Every structure is written in C-alpha cells, then in structure tokens.
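S.K.: with the sequence up front, the predicted model follows.
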Amino acid sequence: MIVSSAVAAFVPMFIYLLLIWRFDQYNREPFILIIRNYLWGALGAVFFALLGSYILSFFVSIFVHNKESLTRIETIIIAPFVEETTKGIFLFFTISSRKFDNMTDGIVYGGAIGLGFGMTENFLYFIANTGSLNIWMMMVVIRTLFTAVMHCVSTATLGAFLGYAKFKSIYYKLTFPFLGLASAIFIHFAWNLMISFEKTEPLGFLFMLITILIFIVVFSISVSNDKSTIYHELLEEANNGIIPMNHVPILNSSKRNNFGWIDEKIRKVYIQAATTLAFRKMQLRNTKGYNRIYYENDVLHYRNYIQALLAGIK
C-alpha cells in the first residue's frame, strides 16, 4: 500500500501542476522554476509546518488539557496559520526576481507550492489509513479532489495578491501581502472548520466548490489581462516599426502557435522575445529606482534582438 499511496499522492498533483502551468498560455514560466516552488511545498514547507505546529501545540497544551479540544484547535486554528505561512514564505523569494511579471505568475507559483504541500500531506494521510481499503479509497478521493486543491487555491490566492502588488504603489506593497496571507488562512480555516463537524461537512464541500470556481474565474481574468498587455505594448512597437503590424493580433492569441505566419526557424524564439518585451515595458512603466536600469536595458536588448531576428529572414 505504500507504493499505491505514493502513486495516489503524486500523480493527481502533478497533473494539476501541468494544467496550471499550461493554462498560463501567453507568458508561461520556465518549468524548472515551477518545480522548484513545487518542491518547496512538498519538502521545505511541510518540514517547517510540522515544526511550527508542534511548537504551537505544545504551548496551547499547557492551557488546554482536553485532548479532543486540543485536536480541534490544532486542526482549525494552528494548521491554517502555520501551514499557509510556511507555504507562502517562499513566494516572497520568488516574486523578488525581476523576471516575475504579474498576478498570473503569482497564481502559478503559489499553486505549485500548494500542490507540492498537498502531495506530501496526502501521502502521509494515505499511508496512515492503509488498514481498510474502503477508508483508504475514500481518503484518496476526498483529499485529491478537495483538501489538496484547497492547499493549491489558498497559496495561489496569496500569490495573486503578491503578484498584483509588485508593480503597484507602496500602499499595495505594504498591505496586500497581509491581505493575501489572511485570505489564504481564511480559506484553509473555513475548510478545516466545516469538515471537522458532521453537520457542516456538506457546507465544507460547497464552500470549496465555490472557492475553486472563483479561483478559476480570477485565473482566467488574469490570463486575459496578460493577453491585453501583450497587445497594447506590442501595438506601440508596431507603430514604431519594430515589428510588423499584422503580427500584433497573432502574438497575443493562440494563432501564434500556428505554422506559416512567420519563418518556422524563428517562430518560437520570436514569440518569446516579443512577449518578454511586452512585459518588460509594462514593468518599466511601473518601476522606480534602481530596478528601472535593469528593465530599460532589457527593453533595449529585446528590441534589438527582435529587429535582428526579423532582419535575418528578409
């Protein structure tokens, strides 16, 4: 059952990971960076969550002696706070990268961390319930479809707040991380609270279904905003003669994956360069201080690179 538990824990989470990564269709992040965040969730976040939960539970046990009450406090209060903090802390390192672009990146990286955490937690629960096949199968279904997805959605929510705030004013930079973490903790808290009592279990499943739906809608809006950013930024480049005007509606749509609209030898690198140029321009417009030098140089680099690519096929 250990092998079965490992497979049941890993395969669904990795499929979810691929789906989230692929859904970011206009500015997909390097998969190696997605894996790095996934592994933090699976290893680092789990380790520190166990450590933090043990410490907090020890202090709470000094005042709460009833075992059942202590277990509920650990599940409903301690776990959401500690786990969302340990999962989310790595996001602060991720978004510090100058190549981190926007809210979509935050959702993808946060979701990857949550899925990694869900994978390891699922495995631990699965191997702890191997005594009964029926209980084990029920555990696999519930945790795969709901609990692990909750970890994904909650940390992705924090990532969305961080990504949105990165290129905003200092007000957003100071307040949105706390709002994002509070939202992640609330999602986790509400799920754990509702499924802890038999009478509220149906509400817990309904809550998660609504939360997942909201997550999908927000993710879709964020990806749509990426599409709009690419169009408007590259439209300016077309007006300045950097790229052909007829390429603009192609580069911000699924048509860019089609053959024939440009020399196939450069199509993929051209798409990547044009997309990166669009986001660097947006970042430059919303950045102050030392980082402006980096984005200014990157914008100039990609303009020159694109011109050289297009000149090579004439």
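M.R.: Right, received. Where do you want to start? What you see is a predicted model; the values in this text were computed from it and never measured.

S.K.: can you list the domains in this protein?
M.R.: By the assignment in automatic domain parsing, the chain contains the domains 2-196, 227-312.

S.K.: average pLDDT for the shortest one?
M.R.: This points to domain 227-312. Domain 227-312 shows a mean pLDDT of 93 in the predicted model.

S.K.: now do it: distance from first to last residue.
M.R.: With Cα to Cα, to the nearest Å as the measure, domain 227-312 spans 27 Å from end to end.

S.K.: distance of Phe112 from Ala311?
M.R.: I think there's a mix-up here, since residue 112 is Ala and not Phe. Distance, Ala112 to Ala311, by Cβ to Cβ, to the nearest Å: 38 Å. From N, CA and C alone the C-beta is placed, and that goes for glycine too.

S.K.: those two: which has the busier surroundings?
M.R.: A count of neighbours by other Cβ atoms under 10 Å puts Ala112 above the other of Ala112 and Ala311, at 34 against 8.

S.K.: which secondary structure element is home to that one?
M.R.: helix 103-128 (DSSP states H and E).

S.K.: elements contacting that helix?
M.R.: With contacts taken as 3 or more Cβ pairs under 8 Å, 6 or more residues apart in numbering; DSSP states H and E, helix 103-128 sits against helix 2-23, helix 31-39, helix 45-63, helix 79-95, helix 133-142, helix 148-165, helix 201-239.

S.K.: out of those, which one sits most buried?
M.R.: Across the helices and strands packed on helix 103-128, averaging neighbours per residue (mean count of other Cβ atoms under 10 Å) puts helix 148-165 on top, at a mean of 28.

S.K.: export that one as CSV, just CAs?
M.R.: What follows is helix 148-165, C-alpha atoms only, in CSV (Å, rounded to 0.1, in the frame of the first residue of the first chain):
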residue,chain,number,x,y,z
ALA,A,148,-5.1,19.1,-1.7
VAL,A,149,-6.9,21.5,-4.1
MET,A,150,-7.6,23.7,-1.1
HIS,A,151,-3.8,23.9,-0.5
CYS,A,152,-3.3,24.9,-4.1
VAL,A,153,-6.1,27.6,-4.1
SER,A,154,-5.1,29.1,-0.8
THR,A,155,-1.4,29.6,-1.6
ALA,A,156,-2.3,30.7,-5.2
THR,A,157,-4.5,33.4,-3.6
LEU,A,158,-1.6,34.7,-1.7
GLY,A,159,0.5,34.6,-4.9
ALA,A,160,-2.2,36.6,-6.7
PHE,A,161,-2.1,39.3,-4.1
LEU,A,162,1.7,39.5,-4.2
GLY,A,163,1.8,39.5,-8.0
TYR,A,164,-0.8,42.2,-8.3
ALA,A,165,1.0,44.4,-5.7
